[in-house]
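Novice: give me coordinates for this.
(chains A and B)
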There are 2 protein chains.
Amino acid sequence: VIERLCIIGVGLIGGSLARALKDQHAVAQVVGCGRTVATLERALALGVIDRYALDVAEAVTDADMVVVAVPLGAMEPIFRQMRGGLAPSAALTDVGSAKTSVVEAARQAFGALPSGLVPGHPIAGAETSGVEASVPDLFVGHRVVLTPLPESDAVAVERVRRMWQTTGAQVAEMDYQHHDEVLAATSHVPHVLAYNLLDTLCALDASHEMLRYSAGSFRDFTRIAASDPTMWRDICIGNRAAVMAVLRRYTEGLERLSEAIADGDGEHLMQIFGRAKRTREHYERMMQDQTEQGLGSE
Amino acid sequence: VIERLCIIGVGLIGGSLARALKDQHAVAQVVGCGRTVATLERALALGVIDRYALDVAEAVTDADMVVVAVPLGAMEPIFRQMRGGLAPSAALTDVGSAKTSVVEAARQAFGALPSGLVPGHPIAGAETSGVEASVPDLFVGHRVVLTPLPESDAVAVERVRRMWQTTGAQVAEMDYQHHDEVLAATSHVPHVLAYNLLDTLCALDASHEMLRYSAGSFRDFTRIAASDPTMWRDICIGNRAAVMAVLRRYTEGLERLSEAIADGDGEHLMQIFGRAKRTREHYERMMQDQTEQGLGSE
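Specialist: Presented below is the predicted three-dimensional model:
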């Protein structure tokens, strides 16, 4: 059981984590921390947190578990502000979608990495945001990737792991650079591609009319472009090395594809489309197996 | 009422059209035509067609309406083969996803464009294919775009329009080059982008593991990459000018985006992502309005 959980950033993810742990009687007290009193008062009224502090150092004092659930760009100042209050024995984790930048932010803020730090990433989300949208079952069947560091204390890793398992999530461990490469390929770059498609379309003449005649497949393909621009700006910049590496490969592929189309090279197109379709089918089977094993997807 | 409807290519689209018209008692007789006896026998057994011919000229003889529902790459030979049988008074339409190449194929095959020719494109489809998957309500609430030519006879246009309206579709008219630009932007290029993403991923190390940790949004984004490679090869080559034009714009945008990411230019990213998100929201509202008006999407 967690004695005192401090959640910095009580939104969809932070709020859902608190709700899940409370439902499972896995936490005695939840302290919220955030920039705006109104949000924290709402979280309090909803029973998501038990009390709150606006000052980060005060909020983390005496907490045995601290979860930072703020945008990537806000990690470093938050880490800096908690220095005076964080107990050396506290486990410290986060929910950022890119991990290299979180590790860098911690190094900058703390000097040496605290042994309690175990970066993490719940691969779950929703179209909604804010503490009002938080639900206790948000993580059930979802993956949470932990990226323990050489400096991480084994006890802290185990406590963070158990916390997430309590929410119903499937916890995996990965090297943090590898996490960032994986997420760049399957999440960050797809978002960039979808944003770029809609931005390209809106610059074309008759874009309004174009959208009217779009097929339903366009709706699925572009859904992720409705995501929060601030969050994705932070992710793109925070994970820029891995995102750029995948984008470079993607652009090279697109150039080869464009050439094949320009040349009317049907054989080459069949090779590419066929390989892509087989990869998609392999993926779909894997997802279906996971669903049967009780692993959901966002 | 159509006296004799000839459907060349009795698959999902051709079969569903026949079923819809039969259900509405809008056709007296349906003649099927295709390359394989087995498919035509199945269509006959399912009651989708009333008889069939393997020879195209024979199949179209005495038909007052001919619908060509074959892949784009097969249009020209089909047009050539029907020359001996097609009645001058017959309306002739197709269901191809790109129209410039159909018009070119007709010009090549017939010399001068027949006045009965009214190219068309039902914007409907399904993950399935084949006559077994055909259903009478496939087109209900979907758009069908007709692209009449200067050579097209007004009576033929009206008859093709009425045929599609009978299936429950919403019929619109558009210049054929414009149709191809619109579809390149909202359907053809998105397919190319999704195929290219999966082809890029499958070439990366650890691609299998990457897919395992993908979020649900990846599943939506890549669904179209499960489409039939042959069909999309034909569409990319058949609509190559318009596809290349959109791809060029897309690539330019992606280069600007990559630069902004490399430079850590958050302001630029916010502009692009924000504009894209607003376009996506505008589109989503439009789709919802259409749904309320009874217009479905694929």
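Novice: give the burial count for A:Asp108, as a bare number.
Specialist: Careful, residue A:108 is Gln and not Asp. 12 (other Cβ atoms under 10 Å in any protein chain shown). Yep, even glycine has a C-beta here, placed from its N, CA and C like the rest.
Novice: thought A:Leu211 was touching B:Glu281?
Specialist: No. When contacts are counted by Cβ atoms under 8 Å, A:Leu211 is not listed as touching B:Glu281 (11.2 Å).
Novice: the more surrounded of these two?
Specialist: Shown here are A:Leu211 and B:Glu281; by other Cβ under 10 Å, A:Leu211 has more neighbours (23 against 13).
Novice: mind listing what's buried in stretch A:129-136?
Specialist: Under the neighbour-count criterion of 16 or more other Cβ atoms under 10 Å in any protein chain shown, stretch A:129-136 has A:131, A:134, A:136 buried.
Novice: which residues touch the residue sitting nearest the centre point of chain A?
Specialist: Compute the mean C-alpha point of chain A, and by Cα atoms, centre = their mean the closest residue is A:Ser97, 3.3 Å away. Each residue near A:Ser97 by Cβ atoms under 8 Å, 6 or more residues apart in numbering or on different chains is listed here: A:72, A:121, A:183, A:187-188, A:231, A:235, A:238-239.
Novice: thinking again about what came up before, which among the buried residues of stretch A:129-136 are in contact with chain B?
Specialist: Intersecting the buried residues of stretch A:129-136 with the surroundings of chain B, defined as Cβ under 8 Å from any Cβ of the partner chain, gives nothing.
Novice: which ones among the residues you listed lie within strands?
Specialist: Counting by DSSP state E, the buried residues of stretch A:129-136 place none of their members in strands.
Novice: tell me which of the contacts of A:Ser97 fall in strands.
Specialist: For those, membership in strands holds for A:His121, with DSSP E as the criterion.
Novice: next, the contact list for the closest residue to A:Pro71 other than its chain neighbours, please.
Specialist: With Cβ to Cβ, 6 or more residues apart in numbering or on different chains as the criterion, A:Pro71 has its nearest non-adjacent residue at 4.9 Å, and that residue is A:Asp234. Residues near A:Asp234 by Cβ under 8 Å, 6+ apart: A:71-73, B:266.
Novice: redo that, cut-off 10 Å
Specialist: Contacts here follow Cβ atoms under 10 Å, 6 or more residues apart in numbering or on different chains; on that basis A:Asp234 touches A:70-75, A:96-98, A:101, A:228, B:266, B:269.
Novice: and the lowest-mean-pLDDT helix or strand in chain A, does that touch chain B?
Specialist: Across the helices and strands of chain A, mean pLDDT, DSSP states H and E gives its lowest value to helix A:207-212, namely a mean of 80. Yes. Taking Cβ under 10 Å from any Cβ of the partner chain as the criterion, helix A:207-212 and chain B are in contact, through A:207-212.
Novice: show me just the buried residues among the residues you listed.
Specialist: The neighbour-count test (16+ other Cβ under 10 Å) marks A:207, A:210-212 as buried among the residues of helix A:207-212 next to chain B.
Novice: output stretch A:188-195 as CSV, nothing but the C-alphas.
Specialist: Backbone C-alpha positions of stretch A:188-195 (Å, rounded to 0.1, in the frame of the first residue of the first chain) are rendered in CSV as follows:
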residue,chain,number,x,y,z
HIS,A,188,4.9,10.0,-32.8
VAL,A,189,5.6,9.8,-36.5
PRO,A,190,2.0,8.7,-37.3
HIS,A,191,0.8,11.8,-35.6
VAL,A,192,3.2,14.0,-37.5
LEU,A,193,2.0,12.3,-40.8
ALA,A,194,-1.7,12.8,-40.0
TYR,A,195,-1.2,16.5,-39.0
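Novice: now render the contacts of A:Ser97 as a markdown table, adding neighbour count and distance to chain B.
Specialist: Supplementary listing: the contacts of A:Ser97 in a markdown table, determined by neighbours: other Cβ atoms under 10 Å in any protein chain shown; distance: Cβ to the nearest Cβ, whole Å:
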| residue | neighbour count | distance to chain B |
| --- | --- | --- |
| A:Leu72 | 23 | 11 |
| A:His121 | 25 | 9 |
| A:Leu183 | 27 | 7 |
| A:Ser187 | 27 | 5 |
| A:His188 | 25 | 10 |
| A:Met231 | 17 | 9 |
| A:Ile235 | 27 | 10 |
| A:Gly238 | 26 | 10 |
| A:Asn239 | 27 | 9 |
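Novice: which strand or helix spans A:Leu92?
Specialist: Following DSSP states H and E, one finds A:Leu92 within strand A:91-94.
Novice: give me the helices and strands touching that strand, please.
Specialist: The helices and strands touching strand A:91-94, judged by 3 or more Cβ pairs under 10 Å, 6 or more residues apart in numbering or on different chains; DSSP states H and E, are strand A:2-8, strand A:65-68, helix A:75-82, helix A:100-110, strand A:120-122, helix A:154-166.
Novice: would you list those in a markdown table and tack on distance to A:Ala18 and mean pLDDT?
Specialist: Written out in a markdown table, the entries for the helices and strands packed on strand A:91-94 read as follows (distance: least, Cβ to Cβ, whole Å; pLDDT from 0 to 100):
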| stretch | distance to A:Ala18 | mean pLDDT |
| --- | --- | --- |
| strand A:2-8 | 6 | 98 |
| strand A:65-68 | 9 | 98 |
| helix A:75-82 | 17 | 97 |
| helix A:100-110 | 20 | 97 |
| strand A:120-122 | 13 | 96 |
| helix A:154-166 | 11 | 98 |
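Novice: so which of the ones you listed is nearest B:Val246?
Specialist: Distances from B:Val246 to each of the helices and strands packed on strand A:91-94 were compared using Cβ to Cβ; the shortest belongs to helix A:100-110, at 33.7 Å.
Novice: what pLDDT does A:Gly125 get?
Specialist: For A:Gly125, the pLDDT comes out at 68.
Novice: nope, A:Phe221 is what I meant
Specialist: A:Phe221 is assigned a predicted lDDT (pLDDT) of 89.
Novice: again with A:Gly296
Specialist: At A:Gly296, the model reports a pLDDT of 54.
Novice: run a quick neighbour tally on the closest residue to chain B within the stretch 1-150 of chain A.
Specialist: Distance from chain B to each residue of the stretch 1-150 of chain A (Cβ to the nearest Cβ) is smallest for A:Ile123, at 5.2 Å. Residues near A:Ile123, counting by other Cβ under 10 Å, number 24.
Novice: go ahead and confirm it touches A:Leu138.
Specialist: No. Taking contact to mean Cβ atoms under 10 Å, the distance of 11.3 Å between A:Ile123 and A:Leu138 leaves them out of contact.
Novice: returning to that earlier point: from the contacts of A:Ser97, which has minimum pLDDT?
Specialist: Summarising pLDDT for those: the lowest-scoring member is A:Met231, with 90.
Novice: looks like it contacts A:Val95 (just checking).
Specialist: No. Using Cβ under 10 Å, A:Met231 and A:Val95 do not qualify as a contacting pair, with a distance of 11.6 Å.
Novice: so which elements touch the longest helix along chain A?
Specialist: Using DSSP state H to assign secondary structure, the helix with the most residues in chain A is helix A:266-292. When contacts are defined as 3+ Cβ pairs under 10 Å, 6+ apart, helix A:266-292 packs onto helix A:240-262, helix B:189-203, helix B:207-212, helix B:216-222, helix B:229-238.
Novice: try it again at 7 Å.
Specialist: Using 3 or more Cβ pairs under 7 Å, 6 or more residues apart in numbering or on different chains; DSSP states H and E as the contact criterion, the secondary-structure elements in contact with helix A:266-292 are helix A:240-262, helix B:189-203, helix B:207-212, helix B:229-238.
Novice: picking up where we left off before, redo the buried residues of stretch A:129-136 as CSV? Include pLDDT.
Specialist: Compiled in CSV, the buried residues of stretch A:129-136 are given as follows (pLDDT from 0 to 100):
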residue, pLDDT
A:Val131, 94
A:Ser134, 95
A:Pro136, 97
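Novice: which one among those residues gets closest to B:Met287?
Specialist: The shortest separation between B:Met287 and any of the buried residues of stretch A:129-136 is 28.1 Å, and it belongs to A:Ser134 (by Cβ to Cβ).
Novice: out of everything not next to it in sequence, what's closest to the closest one?
Specialist: The spatially closest residue to A:Ser134, leaving aside those adjacent along the chain, is A:Gly15, at 3.0 Å (Cβ to Cβ, 6+ apart).
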